[in-house]
Every structure is written in C-alpha cells, then in structure tokens.
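> need a structure here:
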Amino acid sequence: MSVVKCTTDPAHTRIGFRAKHMMFTDIYGKFTKYEMSIEFADEHFESGKFFFKADVASISTSEEKRDAHLRHSDFFDVEKYPYLTFSSTAIKKISDDRYIVTGDLTIKDVTQSIDLDVEYIGWRLDPWNNELAAAKLTGKINRKDFGMLWNAESETGGLFVSDEVWLEVQVVIKKIDA
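Reported below is the predicted structural model:
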C-alpha cells in the first residue's frame, strides 16, 4: 500500500465558519492564511490523515471592526493564541460520498474532539490534466467550550452572537507525485 500525499488548491480551498448574528442572520468568516495537509493510502481515505492550522489574525468577515473584535481576548486572543488547529484521529466511511472525520480541534488553550461531516465530491481531471479531488467538511461547536464567552444583548432583547458556530471547510486537493 502506498501513501498518497496531496497539496491543496488555494484558489478553491477555504477554512471558514458561520454564526448567528443578532439571532436572525448568519455572519460568514474565513481564515485567509492557513496550512493544510492531507495524506491517505491507495485511495482509502479511512487510513488517511487530515490536518490544518489557521492563522487566527487572518480572520475575515468582511467587516474590519468585527474582525478586530474577534482578534481581541473576548474571542480568539491572537496575541496569546495565534493559531487554531485541527488534527484527525479517525476517518469513517459512511457511503461512497460521505465520511465522518473525527479529530482534535484546538482553539486558544482548549482542545476538544469533534466530528466533521464530509461530503466527498470525487476525483476529476482539470484542463491541465491534473487529478483533483474535492470535499466539503462541516461541523458544529459551542464557542463557549473554547473560552469565547463574550456576548451582549441587543436593544430588542436578543443576543448578538450565537453560542453555536458552524465550521465549514472546502478543500480541493491535487496528488503530489512521489
């Protein structure tokens, strides 16, 4: 069995999240600087390893004031904790196009095991004859479990930020020739 190593296509790969804002609309964000590695044995993803490390200071929600607050100690505290990481501990095949990736997510100084649902899109050839595969990974966390406790009540009585945050990772990989 040979190990297949892959590199990501940065134009089509994204580590992001969404959360409820004022409890009625979604705010989307992403980390623009990250490292990611993926390897597996002979097309058997269950034997694989998936890892990413996001530079939290690169957070972008398309609103600089909000981004600055997210970098603050109320949330990510980038001065003390510049990265968040995810490292897979198990990959389980559910069907030909569905997997569950279990792994350790570390935000600030807290590590918790989480499950990410994977929608596997499959392998394709691009116009330059490169073999590419795509997948979408989603999972839910409670931000308070990671020490992000800040919130405020709006004038109408609702909270500004939901406790529940959805992680959304879209990845396109290309096999690296050994």
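
> Please make it C-alpha for all contacts and neighbour counts, starting now.
OK.

> how about the helices in this structure?
With DSSP state H, the ranges of helices along the chain come out as 64-71.

> show me where pLDDT drops low in it?
1, 22-24, 42-44, 151-160, 177-178 (pLDDT under 70).

> Repeat the analysis, applying 90 as the threshold.
1-7, 9-11, 19-27, 39-48, 74, 122-126, 128-131, 148-163, 174-178 (pLDDT under 90).

> show me where it has strands.
Ranges of strands in the chain, per DSSP state E, are 3-8, 14-21, 25-31, 34-41, 44-55, 59-60, 83-95, 98-107, 110-125, 131-142, 161-175.

> got these as CSV, with mean neighbour count columns?
Formatted as CSV, these follow (neighbours: other Cα atoms under 10 Å):
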stretch, mean neighbour count
strand 3-8, 18
strand 14-21, 19
strand 25-31, 16
strand 34-41, 17
strand 44-55, 18
strand 59-60, 20
strand 83-95, 17
strand 98-107, 20
strand 110-125, 16
strand 131-142, 17
strand 161-175, 19
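
> Take these and write them to a markdown table, including distance to residue 66.
A markdown table is the format used below for these (distance: least, Cα to Cα, whole Å):
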| stretch | distance to residue 66 |
| --- | --- |
| strand 3-8 | 28 |
| strand 14-21 | 11 |
| strand 25-31 | 10 |
| strand 34-41 | 20 |
| strand 44-55 | 17 |
| strand 59-60 | 9 |
| strand 83-95 | 18 |
| strand 98-107 | 18 |
| strand 110-125 | 23 |
| strand 131-142 | 19 |
| strand 161-175 | 11 |
